[in-house]
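Asker: Provided below are the primary sequence and the corresponding predicted coordinates.
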Amino acid sequence: MREIVILGGGISGLSLAYYLKSFLRSTGQYRQTLKSILPSSTSVKSYAQNPSPFRIRIVEASPRLGGWIHSETTPSGYLFEFGPRGFRPSRSGAEVLQLIDQLELQDEMLTVSPAAATSRYILRGQRVEKVPTNLMEFLRWPLARQVISALFHETFASPSRIDDSVDESIHDFIVRRFNASVADRLIDPMASGIFGGDIRKLSIRCCFPILVEMEQQYGSIVRGMLLPKFSKPPKDTLLDGSEKSEFVRRNERSVSISFRNGMYTLIDALQKDLEDDQDCDILFDSKATKLKAVSHNSSMQFLVKLQTKEKTQQIIKATDVFSTIPAKDVAPLVEESHPEMSKALQSIQYASIGMIHLGYQANVLESDGFGYLVPSLEKENILGVVYDSCAFPEQNTSRTKQTRLTVMCGGARHPEIQSLMRPELEQIALDAVARHLGIRVSPDHVNAMLLKDCIPQYHVGMWQTRKAIEAHAAAISSRFRLGGNNFCGVGLADCVYRSKQLAMEFIQENFDSSV
């Protein structure tokens, strides 16, 4: 019997459990084993009261699931997200769309509004300026000349031929391929919005690998984007080779996806699916404190030491362990048995983000849009503002016109926010929207939360760090695998894609299956 333990009940852990049980039940060995243990009169499909050849346990340290995904509706009727407020359905996001389809959440799903999809802004000199979406807007854009010069330079610049051992910062790469204006005015705020990091430290290879791929294969990013491989429609199959459903094909070109009652809708659906499954258990308030691999009957077994909220100790056994918790939390689990791996895990740094929600029972915005980002050279103390009520107006619960804003601050630019109290964070947000948007009326709702160490920083050298950590994990056992947002992308879609990838690798290496 395979005793599978998944550390972490965020989107990575939940989707991993979902994929594992789905793929396991598709294997010939599973069905054969199940037939051998069921009474002869029982069909394979009706095994609810019978033993199964596998068991999946999710170990979650907190009393709730979802990790950083946290939707909240206030008593006054404002829906806000304390974590991700959506996901991009293209590329890896197609896997999330398929998951939504399988969980029958189609009627709950929302696509971003047309106004938000086409209107994004960047702060420049205390003015919120629209990023152009057509030629006329582009020609009137103050940055047009610098961007045209950068595109011309990039098209004909010689590529830097590098091997897998060489890394480069996002800033250095963009300046080399384009120019400093593109790096500082466009890429910097975008990277801050995604990673909360400093583009002079973040790795281009880990954060935007497709740009490196285009330079290496085609000698130019501009030329690469014009070639069929990158300009053709999305392929018709998913990661596991299955065909995309009509629902996926219809929605994968959207800009952003959320749900009528917030992103936690996806967590609720996964939790219900797993709790209704007799082969899956969820252990709440159970923090893993130690992981040890031991020999057992000529094979490897894991002992996972847990501590409950009552401070009681428990040891559970596992044949396979998947960790989806942050690298910094994996480090102490293996510190005693594998100190070098622990040291490598501890080297990964994190950014903390302050999220401040402002709610108004009126339309206080002069222009609709998705929101605006702030380049670091503006020397502001915020990263950007999301116009939540414009992006997903269906989430507005009030019958009157409602404005919902989320102000983001902190990150690598301002680590000092970790020491600020809630009123101080709220004042930062109020001052920012007054200066940038001219909003000086008091909000009907204001609330702030600090998301401490929420985004791993893929600094230059992370490529090699990842390889070293994976080598250490393989040395412990091929049955110990790392997932989550530690190495393969920080977005929700990246996490789900990585979980499906891990589940597929597990099946392919351990079972006779076409998955």
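Answerer: Thanks, I have the structure now.
Asker: Specify the beta-bridge partners of Asn447.
Answerer: For Asn447, the beta-bridge partners under DSSP bridges are His357.
Asker: I'd assumed Arg404 was in contact with it.
Answerer: No - using CB atoms under 8 Å, Asn447 makes no contact with Arg404, being 11.5 Å away. C-beta: built from backbone N, CA, C; applies to glycine.
Asker: which neighbours do those two share?
Answerer: 80, 357 (CB atoms under 8 Å, 6 or more residues apart in numbering).
Asker: Against which helices or strands is the helix ranked longest in the chain packed?
Answerer: If you go by DSSP state H, the chain has its longest helix at helix 492-510. The contact analysis (3 or more CB pairs under 8 Å, 6 or more residues apart in numbering; DSSP states H and E) places helix 492-510 against helix 11-24, helix 93-102, strand 480-482.
Asker: which other residues reach the shortest one?
Answerer: Strand 480-482 has contacts (CB under 8 Å, 6+ apart) with 291, 293, 302, 320-323, 327, 330, 469-470, 473-474, 502, 505-506.
Asker: Now find how far off-centre that strand is within its chain.
Answerer: Centroid separation for strand 480-482 versus its chain: 18 Å, with CA atoms, centre = their mean, to the nearest Å.
Asker: what secondary structure does the residue lying closest to Ala468 once chain neighbours are set aside sit in?
Answerer: Using CB to CB, 6 or more residues apart in numbering and skipping the chain neighbours, the partner closest in space to Ala468 is Ala344 (5.2 Å). What DSSP: H, G, I helix; E, B strand; the rest coil gives for Ala344 is helix.
Asker: dump the residue contacts of Ala344.
Answerer: Ala344 makes contact with 465, 468-469, 472, according to CB under 8 Å, 6+ apart.
Asker: How about Ser295?
Answerer: Applying CB under 8 Å, 6+ apart, we find Ser295 in contact with Gln301.
Asker: bridging residues for it?
Answerer: Counting by DSSP bridges, Ser295 is bridged to Met300.
Asker: Tell me which of Asn447 and Arg404 has more neighbours.
Answerer: Applying other CB atoms under 10 Å to Asn447 and Arg404 shows that Arg404 carries more neighbours, namely 27 against 19.
Asker: Under a three-state scheme, what state does the more buried one occupy?
Answerer: From three-state DSSP, the assignment for Arg404 is strand.
Asker: Distance of Gln349 relative to Ser376?
Answerer: 17 Å (CB to CB, to the nearest Å).
Asker: all helices of the stretch 351-500 of the chain, in order?
Answerer: For the stretch 351-500 of the chain, the helices defined by DSSP state H, counting those that start in this stretch occupy 388-391, 422-437, 462-476, 492-510.
Asker: quick one: buried residues of stretch 236-251?
Answerer: For stretch 236-251, the buried set under the neighbour-count rule, 16 or more other CB atoms under 10 Å, comprises 238-240, 244-245, 248, 251.
Asker: Any idea how far that stretch is from the middle of the chain?
Answerer: 20 Å.
Asker: Can you get me the start-to-end distance on it?
Answerer: 13 Å (CA to CA, to the nearest Å).
Asker: Mark out where each domain of the protein begins and ends.
Answerer: What automatic domain parsing lists as the domains of the chain is 2-65+263-348+459-510, 134-231.
Asker: Redo the ones you listed as a markdown table? Include distance to Leu99 and mean pLDDT.
Answerer: A markdown table is the format used below for those (distance: least, CB to CB, whole Å; pLDDT from 0 to 100):
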| stretch | distance to Leu99 | mean pLDDT |
| --- | --- | --- |
| domain 2-65+263-348+459-510 | 6 | 90 |
| domain 134-231 | 22 | 92 |
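Asker: Of those, which is nearest Tyr372?
Answerer: domain 134-231 (8.5 Å; CB to CB).
Asker: Measure how far that closest one is from the centre of its chain, please.
Answerer: 22 Å.
Asker: Stretch 344-353 too?
Answerer: 16 Å.
Asker: Same question for it: list its buried residues.
Answerer: Buried residues in stretch 344-353, defined by neighbour count with 16+ other CB under 10 Å: 344-345, 347-353.
Asker: Among the domains of the chain, which comes closest to Pro423?
Answerer: Taking CB to CB, domain 134-231 is the member of the domains of the chain nearest to Pro423, at 22.3 Å.
Asker: which regions of the stretch 351-500 of the chain sit below the pLDDT cut-off?
Answerer: For the stretch 351-500 of the chain, residues meeting the criterion pLDDT under 70 lie at 399-400.
Asker: swap the cut-off to 50 and go again
Answerer: Along the stretch 351-500 of the chain, segments meeting pLDDT under 50 are nowhere present.
Asker: What residues of stretch 362-381 count as buried?
Answerer: 364-365, 368-376, 378, 380-381.
Asker: Likewise for stretch 257-274?
Answerer: Buried residues in stretch 257-274, counting neighbours by 16+ other CB under 10 Å, are found at 257-259, 261-271, 273-274.
Asker: Including mean neighbour count, could the helices and strands packed on helix 492-510 go into a markdown table?
Answerer: Shown next, in a markdown table, are the helices and strands packed on helix 492-510 (neighbours: other CB atoms under 10 Å):
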| stretch | mean neighbour count |
| --- | --- |
| helix 11-24 | 26 |
| helix 93-102 | 22 |
| strand 480-482 | 21 |
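Asker: Need the ones you listed in CSV (columns: distance to Leu139).
Answerer: Below are the helices and strands packed on helix 492-510 laid out as CSV (distance: least, CB to CB, whole Å):
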stretch, distance to Leu139
helix 11-24, 42
helix 93-102, 32
strand 480-482, 48
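Asker: Quick one: the helices in the stretch 101-250 of the chain, in order.
Answerer: Going by DSSP H, counting those that start in this stretch, the stretch 101-250 of the chain shows helices at 114-118, 135-140, 144-156, 170-177, 180-181, 188-195, 204-207, 209-218, 221-226, 228-231, 246-251.
Asker: Let me know which of the ones you listed is tucked in deepest.
Answerer: Highest mean neighbour count among the helices of the stretch 101-250 of the chain (mean count of other CB atoms under 10 Å): helix 204-207, with a mean of 24.
Asker: Give me the packing partners of it, helices and strands only.
Answerer: Going by 3+ CB pairs under 8 Å, 6+ apart, helix 204-207 lies up against helix 170-177, helix 188-195, helix 209-218, helix 462-476.
Asker: Output these in CSV, with distance to Arg64 appended to each entry.
Answerer: Converted to CSV, the helices and strands packed on helix 204-207 look like this (distance: least, CB to CB, whole Å):
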stretch, distance to Arg64
helix 170-177, 34
helix 188-195, 25
helix 209-218, 33
helix 462-476, 28
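Asker: what does stretch 471-478 contact?
Answerer: Against stretch 471-478 from outside (CB under 8 Å, 6+ apart): 293, 300, 302, 334, 337-338, 340-341, 344, 480-482, 509.
Asker: And those, which is closest to Arg177?
Answerer: Taking CB to CB as the measure, Ala344 is the one of the contacts of stretch 471-478 closest to Arg177, at 30.4 Å.
Asker: Give me the distance between that closest one and Cys495.
Answerer: 21 Å.
Asker: try Leu135
Answerer: Noted for Leu135: a distance of 37 Å to Cys495, by CB to CB.
Asker: For Pro53, find the nearest of the helices and strands packed on helix 204-207.
Answerer: Across the helices and strands packed on helix 204-207, closest to Pro53 is helix 462-476 (CB to CB), at 24.4 Å.
Asker: And the contacts of stretch 433-446?
Answerer: Contacts for stretch 433-446 (CB under 8 Å, 6+ apart): 74, 76, 78, 123, 126, 128, 356-362, 364-366, 372, 385, 405, 407, 426, 429-430.
Asker: Is it possible to get a markdown table of the contacts of stretch 471-478 that adds distance to Ile455?
Answerer: Putting these into a markdown table (distance: CB to CB, whole Å) gives the following:
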| residue | distance to Ile455 |
| --- | --- |
| Ala293 | 30 |
| Met300 | 33 |
| Phe302 | 29 |
| Val334 | 23 |
| Ser337 | 28 |
| His338 | 25 |
| Glu340 | 25 |
| Met341 | 22 |
| Ala344 | 19 |
| Phe480 | 24 |
| Arg481 | 22 |
| Leu482 | 17 |
| Glu509 | 31 |
